[in-house]
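J.: take this sequence and fold it.
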Amino acid sequence: MFGKPFVRTLISRSAENRTDRRRFLKAAGAAGLGVVGATYLGVQATSSASATGDAAAAAAGAPSDAAVLNFALNLEYLEAEFYSFAVHGRGLPDDLTGGAGTQGGVSGGKKVMFHDKALHQFAKEIAGDEVAHVKFLRGALGEAAVSRPEIDLKNSFTAAARAAGLVSEYQQFDPFASEKNFLLAAFLFEDVGVTAYKGAAPLITNKTFLDAAAGILAAEAYHAATIRTALFDRELGDAAAKISNARDALDGPGDDDQGVLLGNQANIVPTDQNGICFGRGADRVLNVVYLNPGAVKEGGFFPKGVNGDIVASGGA
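T.: Now for the predicted structure:
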């Protein structure tokens, strides 16, 4: 997976975190500086408080880098499953779903009948990226990687669509039934993914991990812009605004979320007056994916919650 130069770089750049350095050295020694595998972040994560850096983080109440990456992995599982089903009619292979915590299945999901060739290509590319993100994060975390939690791609979308006012309380919303539904469903995910990585960036102490997270953030931002552009081109701005308003109603005080229209003009990149995109803390991200504005640990797209140390949403 990773060659000798990459591993040496990881070791040299992880000096600011003694625990991570020890893990890298152990992994490198076990693999002969060839492949970083099972002990990359290792099962020693639970004893990391003995190291200076992690002890300081624990004292400050900050999550470890592994906890942050595992939180991101839960979201990547969700996106990868959604896009894989939409494009290929199947989800992640079994060898990409195991790990720490309770492994769950996926309900719902089917292949979208794409008619627009460009949109089909966009969806296929995004699906490939999301699966690659899962592989990358699992490889980086090694044995510390959490398993795919239970994911609902059926009832959750109907609940979200009803809350947003896209359908009545008696109607169902199938995100795989049409290109329009697919785009609206993707819009719900993509903007949340971008804000999640933006919000997580300040929590990551290891520069190598931060660099990787920044790279994934950039990919997610490209994806989001593609989906937002497609919605604008199809004059789905009003429907997107309803989803944006629903997210705002879920993720606590503030009105940062934006649709694809600002007035009557395109709003492909949702920024503030400084041209900067906003971020969400992990608890507020969970408010959205749990479809609940309260402090809970499960619901919505994750009926039994996510795996890892970061599992609770924020309070109302």
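J.: name the residues of stretch 85-99 that are buried.
T.: Neighbour-count burial for stretch 85-99 flags 85-87, 91-92, 96-97, 99 (criterion: 16 or more other Cβ atoms under 10 Å). (Each C-beta comes from the backbone N, C-alpha and C, glycine too.)
J.: what do you get for stretch 202-220?
T.: For stretch 202-220, burial by neighbour count (16+ other Cβ under 10 Å) applies to 203-206, 208-210, 212-213, 216-217, 219-220.
J.: now those in CSV, with secondary structure and distance to residue 293?
T.: Converted to CSV, the buried residues of stretch 202-220 look like this (DSSP: H, G, I helix; E, B strand; the rest coil; distance: Cβ to Cβ, whole Å):
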residue, secondary structure, distance to residue 293
203, helix, 23
204, coil, 27
205, coil, 30
206, coil, 33
208, helix, 36
209, helix, 30
210, helix, 30
212, helix, 31
213, helix, 27
216, helix, 27
217, helix, 25
219, helix, 29
220, helix, 24
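J.: picking that back up, so can I have TSV of the buried residues of stretch 85-99 showing pLDDT and distance to residue 293?
T.: Formatted as TSV, these follow (pLDDT from 0 to 100; distance: Cβ to Cβ, whole Å):
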residue	pLDDT	distance to residue 293
85	98	28
86	98	28
87	98	32
91	98	29
92	98	30
96	98	32
97	98	30
99	98	30
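J.: and which of those is nearest residue 239?
T.: residue 86 (17.9 Å; Cβ to Cβ).
J.: residue 91 against residue 79, yeah?
T.: No - counting by Cβ atoms under 8 Å, residue 79 is not a contact partner of residue 91; they are 11.6 Å apart.
J.: and the residue positioned nearest the centre of the chain, what helix or strand is that in?
T.: Centroid-nearest residue in the chain: residue 75, 3.0 Å away (criterion: Cα atoms, centre = their mean). Assigned by DSSP states H and E, residue 75 falls within helix 65-88.
J.: secondary structure class for the closest residue to residue 241 other than its chain neighbours?
T.: Leaving aside its sequence neighbours, residue 241 sits nearest to residue 259 (Cβ to Cβ, 6 or more residues apart in numbering; 3.8 Å). Secondary structure, DSSP: H, G, I helix; E, B strand; the rest coil: residue 259 is coil.
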